[in-house]
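J.: dropping a prediction and its sequence here:
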Amino acid sequence: MKNFIILYITILSVFSFNAFAQKSKTTSANKKYDNFAYIKAASTYEKVAEKGYKSEDMFQKLGNSYYFNGELAKAAKWYGELFVMNPNQESEYCYRYAQSLKSIGQTEKSNQMLESFNQKVSNDTRGKLYKNNKNYLEQIKANSGRYQIEDAGINSKYSDYGSALFGNKLVFSSARDTGSIGQRKHTWTDQHFTNLYITELAEEMTPGKVNRFSKKVNSKFNESTPVFTKNGQTMYFTRNNYLDGKKGKDGKDITYVKIYKASFVNNKWDKITELPFNSDAYSTAHPTLSSDEKTMYFASDMPGTLGQSDIFKVKINDDGSFGVPQNLGNTINTEGRETFPLVTDENELYFASDGRPGLGGLDVFVSKLGADASIGEIQNVGDGVNSPKDDFAYLIDTKSRRGFVTSNRDGGQGYDDIYKFLETRKLQCLQELYGTVTDINSSQLLPDTKMSLFDSAFNLINTVVTDTNGNYKFEVECGKNYNVRAAKPEYMTKEQKIAIPTQNGKTNLNFALEKEVCKVAVGDDLGKCFGIKMIYFDLDKYNIRTEAALDLEKILDVLNQNPTMKLDIRSHTDCRATFKYNETLSENRAKSTIKWLVKNGIAADRLTGKGYGESQLVNDCGCEPTNQSPCTEEQHQMNRRSEFIITAL
């Protein structure tokens, strides 16, 4: 796979050099290698090797030349010669050799090299991921078999990769333009520079005739990986450091890649500008947008990168300006290559990586992005999309579950090829939790019942209301435990626990609710009447515990159903610690309980409260005057409580 795809494509100011100045074929190959002309360098090195010349340095560079271009089978051959000559190589060669071996099916030997790699650099994320996931092939197997995949029908014998959806069209990058006057080849890959092409998508996202994309966007250097805003008025794309006829470069005459912006004006793409966080000293590439288009994700090797390339994100402000790029951190990024991000409208982040256990080369991985920007479990999407070679530039339409991926796998048309796929089963195992709510005595269906779904730690996940037939349903994850609550006026609130099976399907959980038999009056304890537990606190604490919050939800329901009801909240402690201390502690507990209810919508004038310390124990667990008690912890716990006394209805 060409290194442009991974980020490091460069354009050198010198496209050829004087052969007269070279002293030997090896020296010539070294200069080509140092100038990133890996394909030509490899050709020369191989000719030298065929004549029996052996050198660690030459074998390293031969292996690297093919590794950097995704020709992993050839890389495995020359890394193999390197390790035969000297098994004690630097850690990075152990890793590259392991990846190359995996691509040719030598998994056992690959794992041995990964063990060696991990011993040399035990703090490397890639080694830790292997060590903690030695059954990774079983995990990948479980995620496989989900794709119907085929050639997209738009490939040439040259490099074709990196597609993007633009309305009902597909835009992609290709090196197929070989006939233009002055058309030059990239020294790294010995391929022609790439331009963007466009094709209309028919039924089942089948590409049609291929045409060139905008002349304004395409240049004499590389363009790739566009992304378009939903209104079709803005595009971001990757291009070599080239704008308005001027080619930028760093102090070593190397031109990296940058992200550019173009606007659709007067029915054509125009006003091309580079993004402010670009630099002549590093690469930025492969932009993608969040569903709300307020965040851009991209790949870069800018300062702060953990590996060879990392995934970053940057805020897009309302005025079109950009914030400061942020590295996604080591939850996503490794010391290897993370690149080609895609964020879907389902808040899933797909990306390619060679730093995680996979099938070989770059594999496609996915993670769920939380509303708080948290990163969920990272999973290999499995065989089909992934292969023993480089697989990247994953693109999916979440509605049809159809998409495209780029790969240099065996059997393709050219250097890299685009494949179309249909995802037949989502990676995440989901179940439908459903049921019916009825009256326990009459079996009458109970519509408009409030159903609340909690996780095993009683965090609220979702709330729905039963339909006219008393039915409800939630989408839940396989293999997890949930708590479900049913609440309806004039009925006792009921909760049930449910363990969801580990396979896709449906799980039934019905509720039969009992009508309230208790009539409350001023002076009654609301907790006793409605079967609500006392609000317990930990020893020496006054914060609301998780299980206490669940009971307070019940108090909240009753107060909402009875808007004129007022409560006096009485908090108590056990006898341990001094009388004065316990009085203060209980006062804080009463205030904490009131604060929680007010925060959740109850008017403060409906609530009063007081702390009674240890003055109203419910058992014989007093400590005075010695401040000691023979009671058990469970007995003391009974005294650490809050009560809810009705003062008005």
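T.: On my side now, so go ahead. A quick note: this is a predicted structure, and the numbers were derived from the prediction, not measured.
J.: hey, let's count contacts and neighbours off CA atoms from now on
T.: Noted.
J.: run through the strands of the stretch 351-500 of the chain in chain order.
T.: Ranges of strands in the stretch 351-500 of the chain, per DSSP state E, counting those that start in this stretch, are 363-368, 379-380, 391-397, 402-407, 417-423, 430-439, 450-455, 460-465, 471-477, 481-487, 494-499.
J.: make JSON lines out of those and add mean neighbour count and distance to residue 232.
T.: Output for the strands of the stretch 351-500 of the chain, formatted as JSON lines (neighbours: other CA atoms under 10 Å; distance: least, CA to CA, whole Å):
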{"stretch": "strand 363-368", "mean neighbour count": "24", "distance to residue 232": "26"}
{"stretch": "strand 379-380", "mean neighbour count": "25", "distance to residue 232": "32"}
{"stretch": "strand 391-397", "mean neighbour count": "25", "distance to residue 232": "17"}
{"stretch": "strand 402-407", "mean neighbour count": "24", "distance to residue 232": "19"}
{"stretch": "strand 417-423", "mean neighbour count": "24", "distance to residue 232": "23"}
{"stretch": "strand 430-439", "mean neighbour count": "19", "distance to residue 232": "34"}
{"stretch": "strand 450-455", "mean neighbour count": "19", "distance to residue 232": "39"}
{"stretch": "strand 460-465", "mean neighbour count": "14", "distance to residue 232": "34"}
{"stretch": "strand 471-477", "mean neighbour count": "19", "distance to residue 232": "33"}
{"stretch": "strand 481-487", "mean neighbour count": "20", "distance to residue 232": "42"}
{"stretch": "strand 494-499", "mean neighbour count": "14", "distance to residue 232": "46"}
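J.: go through those and name the closest to residue 226.
T.: Between residue 226 and the strands of the stretch 351-500 of the chain, the tightest spacing by CA to CA is seen for strand 391-397, at 11.1 Å.
J.: got the angle for the closest one vs strand 402-407?
T.: Angle of strand 391-397 versus strand 402-407, following axes from the mean of the first three to the mean of the last three CA atoms, to 10 degrees, is 170 degrees.
J.: how about the CA coordinates for strand 391-397, as PDB?
T.: Output in PDB follows, covering the C-alpha atoms of strand 391-397 (Å, rounded to 0.1, in the frame of the first residue of the first chain):
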ATOM      1  CA  ASP A 391      -7.600  -2.700   4.100                       C
ATOM      2  CA  PHE A 392      -8.600   0.900   4.700                       C
ATOM      3  CA  ALA A 393     -10.900   3.800   3.700                       C
ATOM      4  CA  TYR A 394     -14.100   2.200   5.000                       C
ATOM      5  CA  LEU A 395     -17.300   4.000   3.900                       C
ATOM      6  CA  ILE A 396     -20.800   2.900   4.800                       C
ATOM      7  CA  ASP A 397     -24.300   4.200   4.300                       C
END
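J.: want to throw the strands of the stretch 351-500 of the chain into a markdown table with distance to residue 602 and mean pLDDT?
T.: Putting those into a markdown table (distance: least, CA to CA, whole Å; pLDDT from 0 to 100) gives the following:
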| stretch | distance to residue 602 | mean pLDDT |
| --- | --- | --- |
| strand 363-368 | 35 | 94 |
| strand 379-380 | 43 | 92 |
| strand 391-397 | 44 | 97 |
| strand 402-407 | 48 | 97 |
| strand 417-423 | 48 | 96 |
| strand 430-439 | 28 | 94 |
| strand 450-455 | 19 | 94 |
| strand 460-465 | 19 | 93 |
| strand 471-477 | 28 | 93 |
| strand 481-487 | 18 | 95 |
| strand 494-499 | 22 | 94 |
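J.: out of these, which is closest to residue 612?
T.: Nearest to residue 612, of all the strands of the stretch 351-500 of the chain, is strand 494-499, at 31.1 Å by CA to CA.
J.: next one: the closest one to chain centre, how far?
T.: 30 Å (CA atoms, centre = their mean, to the nearest Å).
J.: where do the helices of this protein begin and end?
T.: Under the criterion DSSP state H, the chain contains helices at 3-6, 25-34, 38-50, 56-67, 72-85, 91-103, 107-120, 125-132, 136-143, 526-529, 546-561, 579-599, 633-639.
J.: circling back to that earlier point, same list (the strands of the stretch 351-500 of the chain) but as JSON lines, adding distance to residue 553.
T.: What follows is the strands of the stretch 351-500 of the chain, written out as JSON lines (distance: least, CA to CA, whole Å):
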{"stretch": "strand 363-368", "distance to residue 553": "29"}
{"stretch": "strand 379-380", "distance to residue 553": "36"}
{"stretch": "strand 391-397", "distance to residue 553": "40"}
{"stretch": "strand 402-407", "distance to residue 553": "43"}
{"stretch": "strand 417-423", "distance to residue 553": "41"}
{"stretch": "strand 430-439", "distance to residue 553": "20"}
{"stretch": "strand 450-455", "distance to residue 553": "11"}
{"stretch": "strand 460-465", "distance to residue 553": "11"}
{"stretch": "strand 471-477", "distance to residue 553": "20"}
{"stretch": "strand 481-487", "distance to residue 553": "10"}
{"stretch": "strand 494-499", "distance to residue 553": "12"}
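J.: circling back to that earlier point, worst mean pLDDT among the helices of the chain?
T.: Comparing mean pLDDT across the helices of the chain, the weakest is helix 3-6, with a mean of 42.
J.: report pLDDT for residue 492.
T.: Residue 492 is given a pLDDT of 86.
J.: what's the answer for residue 400, then?
T.: Residue 400 is assigned 95 on the pLDDT scale.
J.: ok, residue 1 next?
T.: Here the pLDDT value assigned to residue 1 is 46.
J.: wait, what's in contact with the closest residue to residue 487 other than its chain neighbours?
T.: Closest residue to residue 487 in three dimensions, ignoring its sequence neighbours and counting by CA to CA, 6 or more residues apart in numbering: residue 493, at 4.7 Å. Applying CA atoms under 8 Å, 6 or more residues apart in numbering, one finds that residue 493 lies in contact with 485-487, 513, 554.
J.: residue 512 versus residue 493, what's the distance?
T.: Distance from residue 493 to residue 512, counting by CA to CA, to the nearest Å: 10 Å.
J.: just residue 233 next, same as before
T.: 55 Å.
J.: what residue spans form the domains of this structure?
T.: For the chain, automatic domain parsing gives the domain ranges 3-143, 430-513, 526-648.
J.: and residue 337, which of the ones you listed is closest to it?
T.: For the domains of the chain, distance to residue 337 was read as CA to CA. The smallest value, 7.0 Å, belongs to domain 3-143.
J.: tell me how far that closest one lies from the chain's centre.
T.: Computed by CA atoms, centre = their mean, the chain-centroid distance of domain 3-143 equals 29 Å.
J.: just to revisit the earlier point, out of the helices of the chain, which comes closest to residue 156?
T.: Across the helices of the chain, residue 156 has its closest neighbour in helix 3-6 (17.3 Å, CA to CA).
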